[in-house]
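# The following comprises the amino acid sequence and a computationally predicted model.
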Amino acid sequence: MGSVLAVLFDLDGTLLDTADGLAAALNRALDERQLGPLPTAEVRMLIGRGGPELVRRACAQLGLADADAQAAVLQRFYLHYAEVCRNGVEPPAYPGANESLGALRRGRHRLGVVTNKQQQMSVDLLSRAGMLEALDVVVGGDSCARRKPDPEPLYFACERLGVPAAQTLMVGDSRNDVTAARAAGMRVVCVTYGYNEGHDPRTLECDALVDSLAEVPALLAKL
């Protein structure tokens, strides 16, 4: 493996704390079915693998097993969450996120986001957070045929960046990020504060752990 030329970031639980917005949209969709609400703390435990999986887990937890009903909840969730992404309360950036993007940009690294969230929603959130201008590519869950933990979206990002996967670092908070990065032949760093589907991110088998994204630029030299 050569030196790292590009860095890809997960979005939810890595760059931005989006749990409040996800919970708000989910509970609006559930309320239309006279279900819920689920506390934000519980929704945090369900986040991972994108909106369809979040809705499936929430519906299963609330006893809604009918596939057609779950699909209807998902459709309404996307509608409500699109509104949250455009006009809701701005999700807070994690400490060190903007500093890390700025430092990596000054170091001439190519930067991208690879998330299972839909692409336009991701762009809206990143724009409102003031991060979009620092990024060269945003790959969403609807940008490719498959989502993380499949490596396809990581390969797609590398192709767009013009950088080999072997010279790309993935930064995330979940097993999905680690699995996708390993399958793509990338090194992977995980934050200790993310969602990881309710499991402690510090148990992930990654190349390094960081408590803040501000640590990532210095860490590249060690990798």
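Here it is on my side, so go on.

# Residue most distant from the centroid, the protein?
residue 34 (29.0 Å; Cα atoms, centre = their mean).

# what secondary structure does that residue sit in?
Three-state call for residue 34 (DSSP: H, G, I helix; E, B strand; the rest coil): coil.

# Spatially nearest residue to residue 40 (excluding sequence neighbours)?
Closest residue in space to residue 40, ignoring its immediate chain neighbours: residue 23 at 4.2 Å, by Cβ to Cβ, 6 or more residues apart in numbering. Where C-beta positions appear, they are placed from N, C-alpha and C, glycine not excepted.

# and if you look at residue 184?
Nearest one to residue 184, counting by Cβ to Cβ, 6+ apart, is residue 151 at 3.8 Å.

# With residue 103 instead?
residue 217 (4.2 Å).

# Show me the contact partners of the helix or strand of the chain with the lowest mean pLDDT.
Considering only helices and strands, the least confidently modelled element of the chain by mean pLDDT, DSSP states H and E is helix 216-222, at a mean of 89. Under the criterion Cβ atoms under 8 Å, 6 or more residues apart in numbering, residues 4, 7, 100, 103, 104, 107, 109, 169, 171, 189, 208, 210 lie in contact with helix 216-222.

# Centre of the chain to it, how far?
21 Å (Cα atoms, centre = their mean, to the nearest Å).

# This structure - how does it break down into domains?
With domains defined by automatic domain parsing, the chain comprises 6-17+92-222, 19-87.

# highest average neighbour count across those domains?
For those, the largest average neighbour count (mean count of other Cβ atoms under 10 Å) is found in domain 6-17+92-222, namely a mean of 20.

# end to end, how far does that one reach?
One end of domain 6-17+92-222 sits 15 Å from the other (Cα to Cα, to the nearest Å).

# report the longest helix in this structure, please.
In the chain, assigned by DSSP state H, the helix with the most residues is helix 67-87.

# what's near enough to touch residue 212?
Here residue 212 is in contact with 94, 95, 96, 191 (Cβ under 8 Å, 6+ apart).

# Just give me the closest of those to residue 45.
The shortest approach to residue 45 among those belongs to residue 191, at 16.9 Å (Cβ to Cβ).

# Chain neighbours aside, what residue packs nearest to the closest one?
Nearest one to residue 191, counting by Cβ to Cβ, 6+ apart, is residue 173 at 5.0 Å.

# so what's residue 190 up against?
Here residue 190 is in contact with 171, 172, 173, 174, 177, 178, 201, 204, 206, 208, 209, 210 (criterion: Cβ under 8 Å, 6+ apart).
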